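A.B. asks: need a structure here:
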Amino acid sequence: MKKVLVLLAIGLIGFLAWAAAGPGTSAPSVVTPSVVTPAQRAMGVAPAIVTPMIGDSAAPRPMIIPVAGVDRSAMRDMFNEVRGNHRHEAIDILAPRGTPVIAADDGVVRKLFTSAAGGLTVYEFDPDQRYCYYYAHLDAYAQGLHEGQLLHRGDILGYVGTTGNAPKDTPHLHFALIRLDPDRRWWKGTYVNPYPLLR
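C.D. replies: From the prediction side, this is the model:
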């Protein structure tokens with residue numbers, strides 16, 4: 001009888017602890033890895049471990065700033081700014097004409113396209129084909145760039161310019177992040193603010 005009472009007490013304590021924590025408790029959200037200097041590494045400091053949150057598999061992958069030599073402090077978030085009668089839904093990264101535009105992430109060139117608005121553009125799909133990186137107003141493509149080409153983060157894909165409807169005296173990269181629809185067409189999807197994700 002005593003054993004039964006002990007087991008019931010243990011079960012009750014476990015249930016109360018679970019109820020206090022809440023049944024919806026799940027793994028912590030993604031922890032951004034810390035940057036560890038060589039000196040810290042020598043002292044045994046390790047970068048933070050990335051723990052994906054349960055159900056967060058649809059989150060965009062981390063990206064680098066897609067214009068060579070541009071520091072994050074030189075950019076600003078303009079995703080929600082109104083341009084004419086629509087939201088901008090992108091960020092403009094100013095840089096001198098001809099500055100290399102680099103792949104924000106690994107992926108594949110899905111489409112090279114020229115339009116009145118974007119000028120010379122590149123649509124790059126991420127490795128999981130869930131997101132599209134859109135690079136616009138390029139002055140020129142990198143030599144040999146072609147559709148279907150595999151890109152590695154940091155590969156040059158073009159050069160900053162003012163093609164399309166960009167002001168001719170303001171060279172910049174118009175960069176957008178698009179969550180693709182299930183049919184994965186390069187021209188369709190939902191725009192996501194890339195600014196907080198660029199490092």
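A.B. asks: Not counting its neighbours along the chain, what's nearest residue 188?
C.D. replies: In space, and not counting its chain neighbours, residue 188 is closest to residue 181: 4.9 Å by C-beta to C-beta, 6 or more residues apart in numbering. Using the backbone N, CA and C atoms, a C-beta is placed for each residue, glycine as well.
A.B. asks: measure that neighbour to residue 63 for me?
C.D. replies: Computed with C-beta to C-beta, to the nearest Å, the distance linking residue 181 and residue 63 is 21 Å.
A.B. asks: These two: who's more crowded?
C.D. replies: residue 63 (19 against 11; other C-beta atoms under 10 Å).
A.B. asks: mind listing what the more buried one touches?
C.D. replies: Residues in contact with residue 63, defined by C-beta atoms under 8 Å, 6 or more residues apart in numbering, are 104-105, 133, 153, 177, 194, 197-199.
A.B. asks: Show me the helices in the chain, by range?
C.D. replies: 2-21, 38-42 (DSSP state H).
A.B. asks: With respect to those, which exhibits the lowest mean confidence?
C.D. replies: Mean pLDDT is lowest for helix 38-42 among the helices of the chain, at a mean of 40.
A.B. asks: beta partners for the nearest residue to residue 189 once chain neighbours are set aside?
C.D. replies: The shortest distance from residue 189 to any residue other than its chain neighbours is 3.9 Å, reached at residue 178 (C-beta to C-beta, 6+ apart). Beta-bridge pairing of residue 178 under DSSP bridges involves residue 132, residue 191.
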